[in-house]
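Asker: have a look; sequence and predicted model below, questions after that.
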Amino acid sequence: MKCSKATDYALHALLYMIKSDGESRRIPVQDLATILKVSTTYLSKILTRLVKVGIISASSGAKGGYQLKNGWEHVSIYDVIITIDGKQSLLEDSFNHAKECPIKQIMDEAEHSLITNLEDKTLKDLANS
């Protein structure tokens, strides 16, 4: 599993919303982009993915922006990663590894541990850190 810059920006934007009481206040994308030092257009595309899966909501207009949706505390870090980057494997299957391949077994075990850990960590854990 690889986490892209987009996932990093998504997690940092969510952390900022959490720390800014983002469930009760809308935060303009321009503010988030300035804080994260990323283009507004790029960040808007990332946040749109989070809106589509229901982690945050968006509203337009002069007082518009993004805010956390109820239940955000239960969203896992893994959910955010796959929302932005999709599901990816640690091991590129360039050799068509069979199940008994020791390299594949080790990589699959490591990947399973990583996914389990990220599924156990939620956005609430970010709020408490």
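Answerer: That came in fine, so what should we check first? As the structure is a computational prediction, the values presented were derived from the model and not from experiment.

Asker: mind listing the strands for the protein?
Answerer: 56-59, 65-68 (DSSP state E).

Asker: give the residue spans of this protein that score low on pLDDT.
Answerer: Applying pLDDT under 70 to the chain flags residues 1, 22-23, 90-96.

Asker: ok, back up a step: nearest to residue 85, out of the strands of the chain?
Answerer: strand 56-59 (17.3 Å; CB to CB). (Glycine included, C-beta is placed from N, CA and C.)

Asker: quick one: buried residues of the closest one?
Answerer: 56, 58 (16 or more other CB atoms under 10 Å).

Asker: what sits up against it?
Answerer: The contact list for strand 56-59 (CB atoms under 8 Å, 6 or more residues apart in numbering) reads 14, 17, 22, 26, 47-48, 50-51, 64-69, 72.

Asker: that strand pairs with which strands?
Answerer: Here strand 56-59 has these sheet partners by DSSP bridges: strand 65-68 (antiparallel).
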